[in-house]
Structures are given as C-alpha cells and as structure tokens.
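In: test case, fold it:
(one chain, ligands or ions: 2)
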Amino acid sequence: MIKSGFDEPILITVANQKGGVGKTTVTINLAEQLAKQGYETLIIDTDTQGNVSDRLLEDDLQESLAHILDDNKTVVSSAIYPTRYDHLHVLPSGKTDLSDVILKVNRKCTGLRQFTEGLSRIRMEISGDIQFVLIDTPPSHRSLLLRSSYAISDYTLLVIEPELSSLRGILQNHSVFEEEQGLGL
Ligand SMILES: Nc1ncnc2c1ncn2[C@@H]1O[C@H](COP(=O)(O)OP(=O)(O)OP(=O)(O)O)[C@@H](O)[C@H]1O
Ligand SMILES: [Mg+2]
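Out: Ligands and ions are numbered 1, 2, ... in the order given. I've put the predicted structure just below:
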C-alpha cells in the first residue's frame, strides 16, 4: 500500500446539478488511475441510479450505503466490495433501497444530521485502509445527501460541459459546498 502522505483519507465529492455531464465517468476514470498508482481507492455511490455499481460490480449485493445510512448497525466494511481492478473498491448505493431511505430520512427534521453522521462513520471506519475516496453524486443541487457529502469532503470536483448553462450550474453547486463546509457539521 502506498501512503498518500496523509494519515486521513482524502475525500472528493464529484458533483454537478446537471445530469449526464460525465460525473460518473470522471469518478470512475480518476479512481482507476489512483488505484493504478497503488493508492487504496474507494468510490462511494450516492446515486440511486447506481451507475458505478453497474459498471464495476456484480448484481448480487447484500449491504450498501442505504443500509449504513438507515441504521447505525451496519458495519461499513461489509458494504465495501472489491472490483476487477487492484486497489479499487466500491461502496454501492443500494439503488431502490437508497431511494426508500432518502424518502424516509427527508421527512425528519434531523435528516441532514443523520446523513452526515452516517457518512462520517464511513470516513472514520475506512481511515488507515483507504487513501482516496471519490463520492459519485446524482444530478442535484441542494439535496440532503449531497449537502452531507459536501460537509464531510475535503474537496469538490465540479464536472461541466463547456457551455453557459453548465457554468451557471456549477456556481450554484459551489456556493452550497462553501455553505456546508462553513457549517462544520
Ligand atoms: N468525455 C466524454 N466523451 C464522450 N462521452 C462521454 C464523456 N464522458 C461521459 N460520456 C458519456 O456521457 C454519458 C453520461 O456520462 P455519465 O454517466 O458519466 O454522466 P453523469 O453526469 O454521471 O450522469 P447522471 O447525472 O445521470 O449521473 C455516458 O454515456 C458516457 O459514456
Ligand atoms: Mg452519474
């Protein structure tokens, strides 16, 4: 295992409220390159579409992000799966299970805290084993799960197509990232 030079993993949220701009493609390509260089790399899929899992994992998965966020009992390592690439691991979203959890948690006034605590627990439990974490996100701007991803991340990578409406979109995403980082949740 190569040390990244940091004791803690580096977390990067890949985002843009616009759909189909290449977020998942950039996430996977960047993660593959980091893994190729020997860094233990984890992709967390927070998108109910589950495109990361479709591209990198088999279908038959027991545990997922949905289970981790839904309760405080699921052990994080049980929801992390190896891929065909050395050093590259995936924590799948759980697809419809995650949709159900999002619906349930969104109704609570403590929803943002629940998501942030769940993601923070992932960060804590992988510490020492994983050096880079890339969080793939759905096309959204202010969803609770995206805001929680921002809150626990070190960086955000905003993927855009080179056109005016995309540029406007990233300015909105960037301001939400700064808000969540400022809250220090
Ligand atoms: N650089 C590129 N050149 C050509 N096609 C690309 C490029 N990046 C992504 N694509 C294609 O564009 C489509 C959408 O890409 P991708 O799924 O990565 O977007 P996304 O932003 O994650 O979408 P969503 O918002 O639905 O999650 C895919 O079919 C992908 O193969
Ligand atoms: Mg995607």
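In: what pLDDT is listed against the residue nearest the centre of the chain?
Out: Centroid-nearest residue in the chain, with CA atoms, centre = their mean: I135, separated by 2.4 Å. On pLDDT, I135 comes in at 98.
In: ok, now G182?
Out: 68.
In: now for the residue in the chain positioned nearest to ligand 2: which residues touch it?
Out: Nearest residue of the chain to ligand 2: T24, at 3.3 Å (CB to the ion). (C-beta placed from N, C-alpha, C; glycine too.) Listed by CB atoms under 8 Å, 6 or more residues apart in numbering, the contact partners of T24 are D47, N51, V52, R55, D136.
In: sec struct for the residue nearest to the centre of the chain, please.
Out: At I135, secondary structure determined by DSSP: H, G, I helix; E, B strand; the rest coil is strand.
In: please begin residue numbering at 356 from this point
Out: Understood, numbering begins at 356; the last thing we discussed is I490.
In: which residues touch the biggest helix by length in the chain?
Out: Longest helix in the chain by number of residues (criterion: DSSP state H): helix 519-538. Residues outside helix 519-538 that contact it (CB under 8 Å, 6+ apart) are 368, 370-373, 376, 496-497, 501-503, 505-506, 508, 511, 513, 515.
In: 6 Å - rerun?
Out: Helix 519-538 has contacts (CB atoms under 6 Å, 6 or more residues apart in numbering) with A370, N371, Q372, K373, H496, R497, R502, Y505, A506, T511, L513, I515.
In: that helix: how far from the chain's middle?
Out: 17 Å (CA atoms, centre = their mean, to the nearest Å).
In: go on, stretch 373-380?
Out: Relative to the centre of its chain, stretch 373-380 is centred 14 Å away, using CA atoms, centre = their mean.
In: what about that stretch and ligand 1, any contact?
Out: Yes: judged by CB under 6 Å from any ligand atom, stretch 373-380 comes into contact with ligand 1 at G374, G375, V376, G377, K378, T379, T380.
In: does the fifth one touch V514 like I think?
Out: It refers to K378. Yes: between K378 and V514 there is a contact at 4.9 Å, judged by CB atoms under 6 Å.
In: between those two, which one's more packed in?
Out: Taking other CB atoms under 10 Å, K378 and V514 do not tie; K378 has more neighbours (24 against 18).
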